[in-house]
Structures are given as structure tokens and as C-alpha cells.
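Enquirer: Structure of the sequence below:
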Amino acid sequence: MLFSELRLIEPILKAVESEGYQKPTPIQEKAIPSILKLKDLLGCAQTGTGKTAAFAIPMLQILHMRHLKTAKKAIKALVLTPTRELAIQIQESFNAYGKNLPVKNTVVFGGVGQQPQVDALRRGVDVLVATPGRLLDLMNQGHVNLSEIEIFVLDEADRMLDMGFINDVKKVVGKLPFKRQTLFFSATMPAEIQKLANTILKDPVMVEVTPVSSTAETINQSIYFVDKPDKRKLLKHLLDELKIDHTLIFTRTKHGADRIAKDLAKDGVKAAAIHGDKSQGARQRALTEFKERKLRVLVATDIAARGIDIDDLTYVFNYDLPNVPETYVHRIGRTGRAGANGNAISFVDAEENEYLIDIQKLIKRTIPIIDKHPYPLSWQSMLASKEVQRKPQKESKGSADSTKDKKKKFHKSKR
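Expert: Prediction:
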């Protein structure tokens, strides 16, 4: 199917073509017709499937056709999303697909001064893209009125849950008109998210383009078992050996992200860190430089796992394996996007072995292990880990046999 077969108006078709799009992705092909028919929609899709275009394109057409001859400045559509980076990228998508239309949009998020955002709202917008905290602040101050919202999009619902925003989301939903079109998107569907969907959707069309919590088949995944102190050396080795000139690295902590970026800089690698403690200006500057390939490496915490959309990103590293299995799916979804090939490399130390087991259960596949590298995991480290010590072996056959049993157990978990 081509975009021209989706009954889109000419201004949008021209904008889509100028972006280099010809064929819609599966979620776009399934969602756009239903949204144009004004149906509520429940979309379950992994990152990198073209989800933003799936809702932005039909929303622009609906709003343009419905309000073609009106000049009323009330906000008609709201897109609620968890992070600043994602909010900015969604606004950029509305700008791109709607560049030939008079439909106006703006974005509001925290971490920066609110006055420019307030000024934009006063000038009048049709589509508001927002993060929950700043939106509630502006609503409480009387700068945002949601009483005339016609289309509401809740994006990355499961991420909202992870970040503790669900109560804020419910407050926002409570201010929306009962009569509206609601589009609900989530990469995974835990019980609380399913319950939320049931309360805000009316007879929705279900769009599911991949199994829940699956990883894209186009991503080549691999595991390197390595001692924690050796991860830095292994990272530098792989960057050079694989000739990786552009990669995203995920860490578990903000401090870890800063440390890795500094260590890489000492080794002559242009790198920057991005996380919640960075100012909005610093985060945007790092993202822009990374997109323009002025930076070889961007190091991020999970706050940015779904908010970074980089074209042709062929490598993603899990420097620290996440302790929440779903986070692994979100992280590696930064590569192998929209059918492209990608590579996800994960470092696993002895204490992270349990995380690996949980991840493989979730994605229902065994991730290949790369044994041949200069910094293999030492057995001393493995045997000293809390994971191994949790269930001590009987030593009736001698300490050597006990150690042999532990090695056998560890190998089994690696298979």
C-alpha cells in the first residue's frame, strides 16, 4: 500500500512525500483509516514503528477539514507524552506533516521558563503537545483550557506508569470533554495500563502490529559477559574494532552516564551525556550535535530511552543491563527502526545475570553470547556475586566440586 491510497488530502500527501515517505508502516496502514473514521483507537506497538505519524497525519486532516472556515483559537487536540525529548519530536512531526496546512501547534514541558510557552498559547493553537507536569501547572494558572478538546492522544502510556505520571494523567483526563476521540498508545500493556485504557476509550479499534514486549527481528542482539571494572575497556575496544562511528549507550544511573562520557572524552572519543539532571538547553544541544554526527557517542539514562529518534542509528549499547525487562525492549528499539537493520550489544557482569534471565523470558528468545573478547568475566567475580551466594552449594564432595557445580549453574543460565 502507498500513502496515496489512504485517502489523505493533497497538502498532507505533498508533505509526506517531501519527508521521503512512500509506503506506510504497518501501524500507519492500520491506524490512519480508523482514526479518519473518528474511531477511538488502542495501539500496541514497539518503538520505531512510525507511531507518531500514525496519529499525527490523520489528526491534522480531521482538524483541517473540520475547522477549515473557523478562526476560533481554542485548543482542539491534546497529545500527552512522558518526556521533554519526545514532546519536542512529536511537535516536529506535526510541523513536518502539517507544513502545508494552517493548523497551528505548540509544545509545553518543564525544565525551562514557562513564559515563551504561555505567549505561544495566547496567540492560539489547534494542537497542544505536552508533558503532564507542566501541563497541570499551566492549567492551574489558567493558561490552558481543555474544555473544547476534540481529539486526545495518550502516548507511551506504559512509560507514564514507569515514571509515576499515571495520577497526573488521570487529573488531565478528568478535565477533558466526555465527547471526544481518544487515541491510546503503549508499547506494553501491563494490567494497570489496560485498566486505564478501559476507562477512557469507547469501543476502540485495536491495532497491534507486533507481539507485546517483542524486539524487532531486524536487530542483531548480542551479550558480552564482562567484569564491571572492565566494561570501560571493552567499550573502547568494540568502538574501535567494529569501527562504530555513531552509537547510543544506555546506563542505569545519571552518575554513570556522566562518568562514561568523561572517560570516553579522555580516550579521544567525542561524547556527551544526557539525563534528567541536565538542563533543557544542555540536553537539546547534545541531541542536536548527536543527530548532526558532531558527537560519536551519546550516553543516556532510561529517561531518554524512548525520547531519542535518530536516523540510521546502527548500534546501541547496554553498558548496564536494566533491572526492568521491558526497559531492555525500549532501549534497543532506538536501532533497527522502521525496518532498518541494527545492532544491540549488552554488557553483563555477574550481578546482572538475573536481569538477563528475566529479559530473555520476556522477549522469548535466547540472546547470543560473544565469548571471544579481551575482557571475559572472571570466575572469581562470578563466584563472589550475591546472585551465586544466595543459594550456597553443599560442599560434601569438596570445595572443588562445589565450585564446579556453581560454574555449571552459571553456564546453564547463559544458554
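
Enquirer: For A271, give me the backbone phi and psi.
Expert: The phi/psi pair for A271 (degrees, to the nearest 10) reads phi -140, psi 160.

Enquirer: And it, how far from N343?
Expert: Distance from A271 to N343, counting by C-beta to C-beta, to the nearest Å: 18 Å. C-beta coordinates here come from the backbone N, C-alpha and C atoms, glycine included.

Enquirer: cool, T215 as well?
Expert: 12 Å.

Enquirer: wait, doesn't R337 sit right on T314?
Expert: No: between R337 and T314 there is no contact under C-beta atoms under 8 Å: 10.3 Å.

Enquirer: So between the two, which is more surrounded?
Expert: R337 (22 against 17; other C-beta atoms under 10 Å).

Enquirer: where's the residue nearest to T188 when sequence neighbours are not counted, which helix or strand?
Expert: Closest residue to T188 apart from its sequence neighbours, by C-beta to C-beta, 6 or more residues apart in numbering: D158 at 4.7 Å. Here D158 sits within helix 157-162, counting by DSSP states H and E.

Enquirer: residue boundaries of the strands in the stretch 51-200 of the chain?
Expert: 77-80, 105-108, 127-130, 151-154, 181-186 (DSSP state E, counting those that start in this stretch).

Enquirer: low pLDDT regions in the stretch 201-350 of the chain?
Expert: Residues of the stretch 201-350 of the chain meeting the criterion pLDDT under 70: 210-214, 276, 280, 303-308, 338.

Enquirer: Take the strands of the stretch 51-200 of the chain and write them to JSON lines, including mean neighbour count, distance to H330 and mean pLDDT.
Expert: Output for these, formatted as JSON lines (neighbours: other C-beta atoms under 10 Å; distance: least, C-beta to C-beta, whole Å; pLDDT from 0 to 100):
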{"stretch": "strand 77-80", "mean neighbour count": "25", "distance to H330": "18", "mean pLDDT": "98"}
{"stretch": "strand 105-108", "mean neighbour count": "24", "distance to H330": "22", "mean pLDDT": "97"}
{"stretch": "strand 127-130", "mean neighbour count": "26", "distance to H330": "20", "mean pLDDT": "98"}
{"stretch": "strand 151-154", "mean neighbour count": "23", "distance to H330": "17", "mean pLDDT": "98"}
{"stretch": "strand 181-186", "mean neighbour count": "23", "distance to H330": "11", "mean pLDDT": "96"}
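
Enquirer: Please produce a markdown table containing the ones you listed, extended by distance to L138.
Expert: Output for those, formatted as a markdown table (distance: least, C-beta to C-beta, whole Å):
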| stretch | distance to L138 |
| --- | --- |
| strand 77-80 | 12 |
| strand 105-108 | 6 |
| strand 127-130 | 8 |
| strand 151-154 | 16 |
| strand 181-186 | 21 |
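
Enquirer: A286 is nearest to which of those strands?
Expert: strand 105-108 (18.6 Å; C-beta to C-beta).

Enquirer: Chain neighbours aside, what residue packs nearest to E289?
Expert: E289's closest residue in space is L295 (C-beta to C-beta, 6+ apart), at 4.8 Å.

Enquirer: What distance do you get for the one you found to K254?
Expert: 18 Å.

Enquirer: When these two are compared, which one has more neighbours?
Expert: Per other C-beta under 10 Å, whichever of L295 and K254 has more neighbours is L295, with 21 against 17.

Enquirer: So the more buried one sits against A273, correct?
Expert: No: counting by C-beta under 8 Å, L295 does not reach A273; the two are 10.5 Å apart.

Enquirer: what sits in contact with each of those two?
Expert: Taking C-beta atoms under 8 Å, 6 or more residues apart in numbering as the contact criterion, the common neighbours of L295 and A273 are A286.

Enquirer: Helix or strand for the residue nearest to E289, just tell me which one.
Expert: Using DSSP H and E, no helix or strand contains L295.

Enquirer: Flag every buried residue along stretch 133-144.
Expert: Residues R134, L135, L136, L138, M139, H143, V144 are the ones in stretch 133-144 that count as buried (16 or more other C-beta atoms under 10 Å).

Enquirer: Can you tell me which helices and strands the host helix or strand of V207 packs against?
Expert: Under the criterion of DSSP H and E, V207 resides in strand 205-208. Where contact means 3 or more C-beta pairs under 8 Å, 6 or more residues apart in numbering; DSSP states H and E, strand 205-208 is packed against helix 26-36, strand 41-44.

Enquirer: Contacts for the longest one, please.
Expert: So the one you mean is helix 26-36. With C-beta under 8 Å, 6+ apart, helix 26-36 has contacts from 1, 6-8, 24, 41, 43, 45, 49-51, 53-55, 57-59, 61-62, 181, 183, 205, 207, 209.

Enquirer: before we move on, what about the shortest one?
Expert: Contacts of strand 41-44 with the rest of the structure, by C-beta under 8 Å, 6+ apart, involve 27, 31, 34-35, 51, 54-55, 182-189, 197, 201, 204-209, 212.

Enquirer: average pLDDT for it?
Expert: For strand 41-44, mean pLDDT is 94.

Enquirer: ok, that strand: who's next to it in the sheet?
Expert: Using DSSP bridges, the strands paired with strand 41-44 are strand 181-186 (parallel), strand 205-208 (parallel).

Enquirer: how distant is that strand from the center of its chain?
Expert: 16 Å (C-alpha atoms, centre = their mean, to the nearest Å).

Enquirer: Restricting to C-alpha, output that strand in CSV.
Expert: Extracted C-alpha coordinates of strand 41-44, given in CSV (Å, rounded to 0.1, in the frame of the first residue of the first chain):
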residue,chain,number,x,y,z
LEU,A,41,-8.0,3.6,19.0
LEU,A,42,-5.9,1.4,21.2
GLY,A,43,-2.5,1.0,19.6
CYS,A,44,0.0,-1.5,21.0
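
Enquirer: Just the CA coordinates for the helix holding D158, please, in PDB.
Expert: Backbone C-alpha positions of helix 157-162 (Å, rounded to 0.1, in the frame of the first residue of the first chain) are rendered in PDB as follows:
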ATOM      1  CA  ALA A 157       1.200   5.100  28.400                       C
ATOM      2  CA  ASP A 158       3.400   2.400  29.900                       C
ATOM      3  CA  ARG A 159       6.200   4.900  30.200                       C
ATOM      4  CA  MET A 160       3.900   7.200  32.000                       C
ATOM      5  CA  LEU A 161       3.300   4.400  34.500                       C
ATOM      6  CA  ASP A 162       7.100   3.800  34.900                       C
END
